[in-house]
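[1] Here is a sequence with its predicted model. Questions after.
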Amino acid sequence: MLLLDVIQAGGGFILIEDTVQCSGRGLLRCFINAALKRGEDVHVLGFESPETEVCAGLDSSCVQRLHFHKGFPDPLGWTRRSSFTVERFASQHITQLIKDTQHAKAAVLVADSLSMVLRHHDPVVFCQTLQELRQGGVIKTIIGLLHSDLHQQGIVGIVCHLASTVISVAPADNERHSVAKTTRRTKSGKVMQEEEYFSVSEDATLSVQAKPRQPGHAQKERDVSEADPTSNLTFNLRLSEEERKAKQKVALPFVFSQEKKSALLKPTPGSGRIVYEPDANDDFDEEDPDDDLDV
Amino acid sequence: MAAPCSNTLTSFQKKTRSKLVSIPGTRPSVQNGQLLVSSGVSSLDYSFFHFIGSLLVMEDRYDSYSRMLLKYFLAEGVVCGHELFLASARDHPDDIIEGQSQPSDPENPGTMKIAWRYQNQPKVQTALASSVRFGHYYDVSKTMEPELRQAAKCHSFYQLQETPVTTGSSPLPSPYHALLKSIQTVIRKEGFDGSTPQSKVRNVLRLGIHSLGSVLWGDDVCCKDNPAHCHALTTFLYILRGLLRTSLSVAMVTVPSHLIQNRAVMGRIIRLSDTAIALESFKGSEETNPLYKDYHGLLHVRQLPRLNCLSCEVPDTKDLAFKLKRKQFTIERLHLPPDLSETVSRVSKTELAAGCGTTAMGNKHLDF
């Protein structure tokens, strides 16, 4: 269950990619819930949804570790009612924001959503900001929601390339569930991929079901256990223990001792030489090698 | 008229009595006398007659195998005693260096009981093996010992830690400019361009640049069709080639080509490197072609080196695939496995029966 592993472990830059057909905000709430239960400080930059929607149903005992920075309903700061605007998405502002809280241990930064930030920042600067935040040491995990149908494919591509885990959500045929395709890249370069059904409950807990494999995939997973060829025969091809031991004791011809073997195995220089001594009758003419020209 | 000579399995070694003192880890090419170094992967060396100038690796989708090639390249440098220069924007260079593999002996299939005379022969199946071993084998499952790693001199360039410099009139964005300046400084200071006195032992500098052209290098060629600095990457490669030609250095550059939107830029980048290969990994694609079931990806040859000669040596096959076994990364020729199905045409039983005099039976299974 790769999705569950990713949620439990955290770490790195996790990107949730959604579209208008299936929202990834439910999955985002599951991540927040799991991080709070792990005892980590969670900072949410809310540009698209109000606090009530994002934090609904979360465990009340952990809520004091959740810091919601209000951007919605005024993410660009036009009426000056928000505490954190989109243009303040820069590494120094965010690092300061996190250091201002009392317990500054392994912090988790959640961005709802990154699409809002990308629309108002240069993609190159945005990616560099993310990289600085990752390597800064103050933030352990960055979780971002990206609406892939709002951006050009190139921009979605570079943000996915930067992420260590990408989860794409899509609607499933089943109304109650959605499909999540998770791609996780470990530090050593190993890549794991899985596609699963999931659903999010009211109290932000995730239930995951493995996706039943389609017939096309079934061929790959088929057991390659062949039938035992020594069965169903009219003669006996098997060996009993005593027969096996006797067989191994048989002295093979041309079996040398170990020293003679290694001596023979040593590469000798000039092991293939052709020694040609021309006979008296040999009159090798370069221009007439077959000696059949009538010249 | 000279026929194009095919891939040479030659053990011919040119006798050099030249002024150039022999540098460890290099050997002169049989074809044109250029110095060759090993790329770290023996089967890659065999395909491209070892390794000259700059090698461009177009990354696979998740950058797992291109990173591995870079690590092999650097590990080969450590083992041969070359100097290393590693530049990266995403992961810290130390992480890449620490992940290098431990050199080991080639796979020994174990002592054979009956065919012991063939024990030391390489397993010549589809793995490309040269009769003259030039590179070393690396055990991927083990990381290199720290003593070996620290014995090599390594310079690193981590983009995140560099202070941005105002470049003024330079056509390059600041990170590329800084990187080129750093490379040039190392070449001059350590004397790879011949500027130091003759007493110092000559050595080769191996440059490894990871993910050039990605967004973290300050280049927007990956995210836009019409990037603002559309010539930045090509200018960088051009200047890099100039630096490589005037010094004893080789470079391996990996580029996330799957992100570059502009096809024209890709073409220019390939032309500006000496050798270019593209890695295509099967991970993530629903590959059910039975031909590919043993392999982890394909290796496409995009450009072959052609230094100081009119034509290049073309390998006999361009269908190459790679696989990562538990311990080793190998590149093999793509081939059809033997067809063992029952539909293969066989000499029919009636023909055999006429010859042997036995009655022909329709039964396929062995029966006595």
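    Yep, it's here. This is a predicted model, so every value here is computed, not measured. Numbers count the residues shown, from 1 in each chain, chains lettered A, B, ... in the order given.
[2] ok, which residues in the stretch 51-200 of chain A are in contact with chain B?
    A:123-124, A:127-128, A:131-132, A:135, A:152-155, A:157-158, A:161-162, A:183, A:185, A:187-191, A:193 (C-beta under 8 Å from any C-beta of the partner chain). In this view, the C-beta of every residue, glycine as well, is placed from N, C-alpha and C.
[3] Show me those that map onto strands.
    Judged by DSSP state E, strands contain the following of those: A:183, A:185, A:191, A:193.
[4] Now rank the residues you listed by neighbours and give me the top one.
    residue A:183 (22 neighbours; other C-beta atoms under 10 Å in any protein chain shown).
[5] tell me the contacts of that residue?
    A:165-167, A:191-193, B:62, B:284 (C-beta atoms under 8 Å, 6 or more residues apart in numbering or on different chains).
[6] For those, pick the one with the most neighbours.
    residue A:167 (26 neighbours).
[7] Which strand residues bridge that one?
    residue A:16, residue A:182 (DSSP bridges).
[8] now it: how far from residue A:8?
    14 Å (C-beta to C-beta, to the nearest Å).
[9] same thing with residue B:65?
    29 Å.
[10] These two - which one has more neighbours?
    residue B:65 (26 against 11).
[11] and the closest residue to the more buried one other than its chain neighbours, bridged to which residues?
    What sits nearest to residue B:65 in space, not counting adjacent residues and going by C-beta to C-beta, 6 or more residues apart in numbering or on different chains, is residue B:279, at 5.1 Å. Counting by DSSP bridges, residue B:279 is bridged to residue B:299.
[12] got the contact list for residue B:279?
    B:57-60, B:65-66, B:69, B:297-300, B:322.
[13] Buried subset of those residues as a PyMOL selection?
    Selection of buried members from the contacts of residue B:279 for PyMOL, criterion 16 or more other C-beta atoms under 10 Å in any protein chain shown:
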select buried, chain B and resi 57+58+59+60+65+66+69+297+298+299+322
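[14] Counting only strands, which of the contacts of residue B:279 make the cut?
    Mapping these onto strands (DSSP E) picks out B:57-58, B:297-300, B:322.
[15] Now flag whichever of the residues you listed is closest to chain A.
    Closest approach between the ones in strands among the contacts of residue B:279 and chain A, by C-beta to the nearest C-beta: residue B:297, at 11.4 Å.
[16] for the nearest residue to the closest one once chain neighbours are set aside, what are its contacts?
    Closest residue to residue B:297 apart from its sequence neighbours, by C-beta to C-beta, 6+ apart: residue B:281 at 4.0 Å. Applying C-beta under 8 Å, 6+ apart to residue B:281 gives the contacts B:60-62, B:64-65, B:296-297.
[17] For chain B, give me its nearest residue in the stretch 151-295 of chain A.
    Closest point on the stretch 151-295 of chain A to chain B, by C-beta to the nearest C-beta, is residue A:189, at 3.9 Å.
[18] check contacts around that residue.
    With contact taken as C-beta under 8 Å, 6+ apart, residue A:189 is in contact with B:62-65, B:67-68.
[19] at 7 Å instead, please
    For residue A:189, the contact set (C-beta atoms under 7 Å, 6 or more residues apart in numbering or on different chains) comprises B:64, B:67-68.
[20] do you know how far it is from residue B:70?
    Taken as C-beta to C-beta, the span from residue A:189 to residue B:70 is 10 Å.
[21] And for residue A:117?
    Taken as C-beta to C-beta, the span from residue A:117 to residue B:70 is 32 Å.
[22] Looking at these two now, which is surrounded by more residues?
    Set residue A:117 next to residue B:70 and count neighbours by other C-beta under 10 Å: residue B:70 wins out with 26 against 22.
[23] Do you have the helices of chain A handy? List them.
    A:2-9, A:25-37, A:51-54, A:91-99, A:114-120, A:123-135, A:153-162, A:215-221, A:241-249, A:258-265 (DSSP state H).
[24] ok, now chain B?
    B:42-47, B:65-80, B:93-98, B:146-151, B:174-190, B:232-245, B:263-272, B:349-356.
[25] What is the neighbour count of residue B:265?
    20.
[26] List the contacts of it.
    So residue B:265 contacts B:221, B:230, B:233 (C-beta under 7 Å, 6+ apart).
[27] Mind pulling the model confidence for it?
    What the model reports for residue B:265 is a pLDDT of 88.
[28] how far away is it from residue B:85?
    Remark: distance between residue B:265 and residue B:85 (C-beta to C-beta) = 25 Å.
[29] that older thread, can you name the two of the ones in strands among the residues of the stretch 51-200 of chain A next to chain B that sit furthest apart?
    Greatest spacing in these, by C-beta to C-beta: A:185 and A:193 (9.9 Å).
[30] Overlap of the contact sets of those two?
    Common contacts of residue A:185 and residue A:193 (C-beta under 7 Å, 6+ apart): none found.
[31] and residue A:182, how many residues sit next to it?
    Residue A:182 - counted by other C-beta under 10 Å - has 24 other residues nearby.
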